[in-house]
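*Asks:* quick one, structure for this:
(chains A and B)
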Amino acid sequence: MTITMPDHGRGDDILVARGVRKTYRTGAVDVTALEGLDLSVRRAEYVAVMGPSGSGKTTLLNCLSGLDDIDAGSVQVEGRDIHRLRDAARTAHRAQRMGFIFQAFNLIPVLSAVENVELPLLLNRVPSKAARRQAQATLDRVGLAQRYDHRPSELSGGEQQRVTVARAVVAGPALVWADEPTGNLDTHTAERVMQLLAELHADGLTLVLVTHDPAIGEAAQRLITMQDGSIISDRRPTAGDLVPEGQRGGHRPSPAGGAAAPVDVG
Amino acid sequence: MTALLAIAGTAVAIVVLLALRRPALARIALRGAVRRKSETVLVILGSLLGTAIITGSLIVGDTLDASIRISAPNQLGPVDLVVRSASPASARQAASALEGFTSAATDGVLDVVVLDTSMASGGPRDTRRAEPRVQLLELSFPDAAMMGGDARATGISGVDPDRGEVVLTRDLADALGREAGDEVIAYVYGRPLRLTVDRVLPRLGIAGFSTGEDSTSRNAFVAAGTFSRVLERLPAQVAASVPPPQQLVLVSAAGGVFEGADNTAAATEAVEAALAAVRSVRVDPVKEDLLDAAEEAGDSFQQLFLAIGSFAVLAGVLLLVNIFVMLADERKSELGMLRAVGLRRRDLVRLFVIEGAMYATLSAALGTLVGIGVGRVIVAVTGAIFAGFGDLELTFSIDPASTVTGFVAGLLIALATVLVTSLRTSRINIIRAIRELPEPTGGRRRARSAVALAVGLLASTAATAAAVAGDDPIAALLAPSAGAMCLALLLARVLPRRPVLSLVAAALLVWAVVAERFIGFEGGDINVFVVQGVVLTGSAVALLSFNQETVGRALRSLGGRGNLVTRLGTAYPLARRFRTGLTLATFTLVVFTLVFISVLSSVFGTLTDDTVADEAGGYDLLASAAPSNPLPEGELRRSDGVAEVATLTYGLAEFRVAGRQDFDRWPLSGVPGDFVATGAPALSEYDTARYSDEQQVWEAVTDDPTLMVADAFFLQDGGGPPEQIVAIGDRVEVRDPVTGEVTRRTVAAISRAGVAFSGVMVSAESLDEMLTTAAPHRYYVATEPGVDRAALAADLQGRFVANGLEAEAFRDIVEVNTRANQQFFQLMRGYLALGLLVGIAGLGVVMVRAVRERRREVGVLRSLGLPAGKVRAAFLLESGFVAVEGMFVGTLLALVTSWQIVVNSDALGDLDVPFVVPWGELAILLTAALLASLAATALPAQQAARIRPAVALRIAD
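*Replies:* This next block holds a predicted model:
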C-alpha cells in the first residue's frame, strides 16, 4: 500500500526511495516485507519508524541503507541510486556516508573500544594516528574517555551502546541508521543514549531510527508508522504517540487470541 | 591387546549404560550429531587419522614379521635344527651318531652336503647368465621327502638326479633363465660341470633350504658323490688347500612346520645327547632363530613407525580437542539452558561423552580401513628400499589382531580426548553461558590446589634429579615439564601471570634443547626424540601463546597500524589463545619433526665422499668369491686395471661384550700383513698414548693376534647412527659358531667403516685361530689411476664367473646405502606429512567454524563498509598467521635441536658430520604447507566474504 507522503521529499533530500519492494521466500511461501514503498528523508532530519513486529521496519532500514538488496524500486542516497551500484561501490559508499547503531551493539569483541570506533575511519583511509585521535575524541564526547582500551566484554550495556554510537558517527556520515538502539538498555541508560543521539542530531546529523518505544518516536521530528510492509502514516509526532503501541493496535491481542486488525492512527 | 580390549570394552559398556539409563541425554547427543552433519563429518575425519596411523604402523610390523616368517615353510619346511661340524671328520662322526636317530621330540633327520659355488646358464658365451651365489646340495630325495612326515611340506618330489643332471629351485632357474632339459654349468672348485636340468622345484621346505636372510633360494641339487669326484680329480695340493663341502645333518622337531619350533628345546636336548661323544659339532636351532628374528624385526618396525606416527596421532588429538572446544563454545548458550533447566555438570560430561563415543566409534572403524591403505603404501615404499639392499621380499600381510588393536587404540584415544575436553567444557557458569559472556580469567585459588602443586613440584624435582643421575633421558624431559607446570601455576598465584608463565616456559624450552648435553641421548632412541619433540613444541607454543600480544603488535606495525586486514586477521588468533595455541601446537609439532628429519637427511646425504674414504681406505673395489672356490690372489692382481689386492679371510663369528648375556653373530675379517700398506679403513678412536697414528694401530693389529678393530656399527641391532657398544681396551669374547670354542680379543681401535659389512678386523692369523670354517675369499682391490671402477668391477665379475666373483666399487656400496637411508628418511617424511595434513585440515576446520561463529561480526564489518575482499583477506591472513607462526617456531626449534645434535653432542656417535641445512628443500616444503593451509582456508574465507550483512545481523522485526 502506498500512501501520500508529507512534503519532506523535496529540496534538500538526502534519501529518496521510490517503489521499493522486498519479498522474502520462507520455504515455499513468499512473504512481502516491503510493498512498493516510497519515502524521502531530508538532510539533518530525525525520523523515527514505528510499527508492530513484522511490519517491515528493520527490512526498511536494511533496504534503504543498502545492507540488503531490493526486488524493485530505487533508493537514492545523496543522488546516487545505491542499488544500482556494484557491491564494492555500495560498500564503499556505506563506509563514507552512513553509520549504523544496532540493538545488540554488535561491537567486534576482540577489538578494544577505541579500535572499534576507529574502524570506519580506517575504512575511509584516514591515517592511523589521526584515526586514533578522532576515535578518542568521539569516545570522549560520548563520555567514555576512561574506557578506550576496554574490550566490549568489559563494558556495560550502556557503555557498549555509546561505543556503537561513537562508531556510527566518528567518520561524519551523512546518515545514521539506528535499529532499536535502546532495546537492550534499561530506562535510565536508554534515556542517556537518546540524549546523546539528540545532541548529535542537533549538530546536524541525519538520523533514521527504528523503535518500539513511543517516547523515542515522540522525540523525533517525524514519525513513520508501518504495517504489513507499508507506511501507513508519516507525520510529526504528537503527545498521543506516547500511548504505548500495543494499546493502539498492532499487536493488541484479539479476544480469540489472534492478532487484531491493524488500526491506522495516522 | 587383551588389556586394550578389556579397557575399550569397559569404556564402551559404560557409555552404552549411560545412554540406556539417561535416554534423554542420548537423544540430545544423537540429535546434536545428526543436526550438525558437517561438524560430525569433520570430527570423524579429524580423529580417524590417528587410528589409521596406528593401524598402518602395526600392519607394517605384521608385514615384516610375515615376510621373514614365510621363510619357515619356504626355506626350512620340516627342518628345525641344523647340526654343523668343524671338520669332515667330526661331520662323519655326527652323521654316524645320528644315523637312524629317533626320539619323541623329533620326526626325522637328513644328511646333506652343501657347497657354496657359482653357476652359469649354458649356451653361447655372450648370452650366458651367471649366478655367483648358488648353494649346491647333495641329499637323498626319497629321505628328504619323508622328513617330518609331510612330503608336501618338504617341496621335494621325484627321485635323485643322475650323474650329469641337476635339479634347480624356481629362483635359480629364473635367475639363469633355464628350464627342464636345458644345460647349466656349475663351477665346483673351479671346474666347470656341465649339467642338464632334470626338473625345477618350488622354493619350499627342504627344496628351498636356506639359513640366510634372503627371501630367495638359489639351490641346485646334484647326484650324491659329485663333490668327492671333483675333489678326487683336483691336484692333491689344491685339494688340500680348498675348504671341503659342509656336511650338515638336518633335524625335524616333532610337529608341523610352525608347531615343530615349539619343540626346539626338547629336540635340541635329544640331538645333543646323541652327539655327546662327538667333538666340535654344534646344534643350531635355525627355525626358532628365524621366528624370533621375524618377531623382533616386526616389533622394531612397529615401534619405529608408531613412534614417528605418534607425532601425527598427537596432531589428530589436538585437532579433536580443538573441534570439541569450538563445538562447546558454539553451543554454550544451549548448554547453559540445559544446566538452567536442571542438567547437572556431570550430565553435561555424560552428554558429551555419549556424543563423542558415537564419533569415536565411527572414526575408529573408518580409521582402521584407512590404516590398511596407509600400511599398504608404507609396505610398497619400504619394499622398494629393501630391494636396494638384498633379497628380502615384503609380502603385504595383516594380522587381524593388528586391525583390532588399531581400532581399539584409536577408539580409546578419541574417547579419552572427548572425556578430558568434556570435563573442561562442562565447567560453565549458567548465566554467562546463556548470555554468551566470556569466562573471567583466573579461577578461584584454593589452598588445597596450592598444596597439590607444591607436592607436585617437589616430586618432579626429585624425579628430575633421579633421571639426570640415572641417565634416563625420557624421565629427564618429562619430570621437569611436570615440575615447570606446577612451579608456573604456583608462582602465578602471587606474581604477575604472564611474565611468570613466560619465564617458566622459556626455561623448560632451553632445558629441552640442552638436556642432551647432560644426559646421554646416545643411539638416537626414537622415543626420546618423540618426547623431546613434544616438550620442545609444548614449551615453545606456551611461551608464544603467553606473548602473542607482542607478536601481534610487531606484526601490526609491520603491516601498518591502519591496515584493517592485518588488524582483523591477527585480532582473533591473539584473542583466543587456547584455540590458537592448539592449532599452533599441531603445526609446530609436525613442522618440527619434518624439518628435523630433513636436516638429518641432508646432513647424512653429504657424507658420501667421507664415507667412501673412511670405508675403503686406499682401496677402490670390494670383491668376494664363492668360499669354496676362492680366487688365487695373483690372478686378480694380474687383471688389467688392478693395482693392488688384499685378500681377507671372512666369516661370521659370535661376539659377547661386557654387559650382554648372549653371543651375537657379526662379520669378522682377517686382514693380511700388507693390508695397511695401501691404506686401511679410517679409525674414529684409538689409544693415542700408545699409538701415534692410525698406521701404527693397524700395524699393531696385524702383528698382534690378540687385538681387534671394531667397526662403527659393531653388534648394533637396528639402524640409525653408530652406537658405540665397546670402548678401547675392552675385552671381547669371540665364539666359533661351529665348534663353540671361545677366544678373547682386546679392542685396539674403533673404525669409521661399517657400510661394507667387513665387520670386526683382526689379523689373518688371529682369525684362523678363532674360526675353523672361514676362507680367504674377500678382496680389497686398488685400481690403477683413471680406471672406471664400475666398469672394472663388471669386467672382473665376468672374467671370474667360475669363482662366483662379485665385485662392486666402494663408492657404489656407499651410495646404495646412502640412497636407502635417504629413501627411509623420505618415507618418514611422508608419514609425517599425514600429521601436516591433520594440521592443515585442522586449520580449515577451525576457519569453517570461525566463519560460522563470526557471521554477525562479519555482518557488522560489512555494514560499516568493509569490502568483501578485505573480509576474505582477513580470514586468509588469520589462518596464514597461525600457519606461519607454527612453521617458524617448528623450523627454528628443529634447526636449533639438529644443530645441537650434529655439532655439540655425542648422539651421532663418532660420525664427523657437518651441519647442513637444506634451505631449498625446506623452502619448498614450507611453501607447500603454507599454500595448502591457505587453500584449506580459501573456501571458508570466500564464504565469509559472501556473507550478506543484513542476513548475518539477523535483525528481526
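*Asks:* grab the nearest non-local neighbour of the residue positioned nearest the centre of chain B.
*Replies:* Chain B has B:Leu304 as the residue nearest its centroid, 3.9 Å off, counting by CA atoms, centre = their mean. Setting aside the residues directly before and after it, B:Leu304 is nearest to B:Ile526 in space (CB to CB, 6 or more residues apart in numbering or on different chains), at 6.0 Å. For every residue, glycine as well, the C-beta is placed using N, CA and C.
*Asks:* again with B:Tyr779
*Replies:* Distances taken as CB to CB, 6+ apart put B:Ala623 closest to B:Tyr779, at 4.2 Å, once the chain neighbours are dropped.
*Asks:* for the residue in the stretch 151-266 of chain A positioned nearest to chain B, give me the pLDDT.
*Replies:* For the stretch 151-266 of chain A and chain B, the shortest gap (CB to the nearest CB) falls at A:Ser153, measuring 4.8 Å. A:Ser153 carries a pLDDT score of 85 in this model.
*Asks:* what is the burial count for it?
*Replies:* If you count neighbours by other CB atoms under 10 Å in any protein chain shown, A:Ser153 ends up with 14.
*Asks:* then A:Gln96?
*Replies:* Other residues within reach of A:Gln96, judged by other CB under 10 Å, total 17.
*Asks:* in which helix or strand does it reside?
*Replies:* Counting by DSSP states H and E, the element that carries A:Gln96 is helix A:87-97.
*Asks:* next up, the contacts around the residue nearest to B:Leu304.
*Replies:* Residues near B:Ile526 by CB atoms under 8 Å, 6 or more residues apart in numbering or on different chains: B:Gln303, B:Leu304, B:Ala307, B:Ile308.
*Asks:* okay, now A:Ser156: neighbour count?
*Replies:* A:Ser156: 12 surrounding residues under other CB under 10 Å.
*Asks:* sorry, slip of the keys, the one I care about is B:Ile728.
*Replies:* Counted with other CB under 10 Å, B:Ile728 comes out at 15.
*Asks:* where does it sit: helix, strand or coil?
*Replies:* The three-state assignment at B:Ile728 reads coil, by DSSP: H, G, I helix; E, B strand; the rest coil.
*Asks:* hang on, it packs against B:Val709?
*Replies:* No. In this structure B:Ile728 lies outside contact range of B:Val709 using CB atoms under 8 Å: 10.5 Å.
*Asks:* any residues in contact with both of those two?
*Replies:* Joint contacts of B:Ile728 and B:Val709 (CB under 8 Å, 6+ apart) are B:Val747, B:Ala748, B:Ala749, B:Ile750.
*Asks:* B:Ile54: which of the residues you listed is nearest?
*Replies:* B:Ile750 (38.6 Å; CB to CB).
*Asks:* quickly find the element holding the closest one.
*Replies:* Assigned by DSSP H and E, B:Ile750 falls within strand B:742-751.
*Asks:* cool, and B:Ser639?
*Replies:* Judged by DSSP H and E, B:Ser639 forms part of no helix or strand.
*Asks:* what does B:Leu503 give?
*Replies:* Per DSSP H and E, B:Leu503 falls inside helix B:497-518.
*Asks:* check which helices and strands that helix is in contact with.
*Replies:* Applying 3 or more CB pairs under 8 Å, 6 or more residues apart in numbering or on different chains; DSSP states H and E, one finds that helix B:497-518 contacts helix B:473-491, helix B:526-546, helix B:868-904.
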